[in-house]
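S.K.: what follows is a protein structure lacking sequence information:
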């Protein structure tokens, strides 16, 4: 039985621009059917990595394999498509004319009417592209990416300019495609999108992977919990002195305590204060993102472990519906 190659295999990718190392020995494997969020602060190397994955830039070192072949082969065969943030649209053409013209560049395409419907812009078919909003133009780019019925779709800030309803409809369409076996890699600044729609999150900092796992696993890397309570006149100094407390924040009558020892904080609030409405919650994805990308020592300590675990994480990942 022939082993199915990974949808994406990046091995030791390095890219420098003068004295700046944008991508530093990055390795990653993505299995067919995975939905992977590629996150990191500005300047982390996300865009450069995506450019090398798509064959738009050549790495100084390392290799890129898509379905076992080169990016050029995968794109030529219509197995890869991308939705980028800007560019690539002629403003004088209508939406339908744009899709029909692009279809001529592919040996095989899905019907124009079908991709317009899937992208949620069938009612805009006769509208000039220049008269479309930013969100509508982004959905047009999504329709163009759907044309060759690709096995891998790479999305760079795909919902930029979309309203809340448009974002929801877009991700419903993406999830339906993923359930059918399409592999999705997306970069986004909307952490709620990564939390809600990704099977796996890859967090990048300074050109290296510093965390790679499910949403729950990434959240767990931000140690501790948040204790929230209604406590008028809270004594911040007393709370800050409790064991395990990291920060204390007061918002009106509400106090938020970030701590590694939530039991001690809760017990203190219950027995030593008049606090009410006490809640204990885990850190969210934003907490983890900020902790891992702004804490230099913590991020550097995690980097070696994350890079060493890349192969294990990729091998254990399962396609959607498996």
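M.R.: Cool, the structure landed. Quick caveat: nothing in here was measured; it's all calculated off a predicted structure.
S.K.: from here on, contacts and neighbour counts on C-alpha atoms
M.R.: Fine.
S.K.: any buried residues in the one helix or strand residue 97 maps to, and which?
M.R.: For residue 97, the host element (DSSP states H and E) is helix 95-103. Of all the residues in helix 95-103, those buried under the rule 16 or more other Cα atoms under 10 Å are 95-100, 102-103.
S.K.: what mean pLDDT does whichever helix or strand comes after it get?
M.R.: Using DSSP H and E, the helix or strand that follows helix 95-103 in sequence is helix 112-118. Taken as a whole, helix 112-118 carries a mean pLDDT of 95.
S.K.: in helix 112-118, what's buried?
M.R.: Of the residues in helix 112-118, 112, 115-116, 118 count as buried by neighbour count, 16+ other Cα under 10 Å.
S.K.: with stretch 262-281 instead?
M.R.: Across stretch 262-281, burial judged by 16+ other Cα under 10 Å covers 262, 265-266, 269, 275, 278, 280.
S.K.: show the end-to-end separation of it, please.
M.R.: With Cα to Cα, to the nearest Å as the measure, stretch 262-281 spans 9 Å from end to end.
S.K.: what comes into contact with it?
M.R.: Residues outside stretch 262-281 that contact it (Cα atoms under 8 Å, 6 or more residues apart in numbering) are 224-232, 239, 242-243, 257, 259.
S.K.: farthest pair in the residues you listed?
M.R.: 224 and 232 (24.1 Å; Cα to Cα).
S.K.: and residue 196, how many neighbours does it have?
M.R.: When neighbours are counted by other Cα atoms under 10 Å, residue 196 registers 10.
S.K.: quick one, phi psi at it?
M.R.: Here the main-chain torsion angles of residue 196 (degrees, to the nearest 10) amount to phi -80, psi -30.
S.K.: one more: residue 5?
M.R.: Residue torsions, per degrees, to the nearest 10, at residue 5 are phi -70, psi 160.
S.K.: tell me the confidence at it?
M.R.: pLDDT for residue 5: 93.
S.K.: list the contacts of it.
M.R.: Applying Cα under 8 Å, 6+ apart to residue 5 gives the contacts 31, 67-68.
S.K.: ok, so of the residues you listed, who is nearest residue 150?
M.R.: Nearest to residue 150 among the contacts of residue 5, counting by Cα to Cα, is residue 67 at 11.7 Å.
S.K.: so which bits of the helix or strand where residue 177 lies are buried?
M.R.: For residue 177, the element it lies in under DSSP H and E is helix 164-179. Within helix 164-179, the residues scored as buried using 16+ other Cα under 10 Å are 166-167, 170-171, 174-175, 177-179.
S.K.: which other helices and strands contact it?
M.R.: With contacts taken as 3 or more Cα pairs under 8 Å, 6 or more residues apart in numbering; DSSP states H and E, helix 164-179 sits against no other helix or strand.
S.K.: so where is the stretch 1-150 of the chain shaky, pLDDT-wise?
M.R.: Within the stretch 1-150 of the chain, the stretches with pLDDT under 70 are 1-2.
S.K.: show me where it has helices.
M.R.: Along the stretch 1-150 of the chain, counting by DSSP state H, counting those that start in this stretch, helices occupy 46-53, 71-76, 95-103, 112-118, 134-146.
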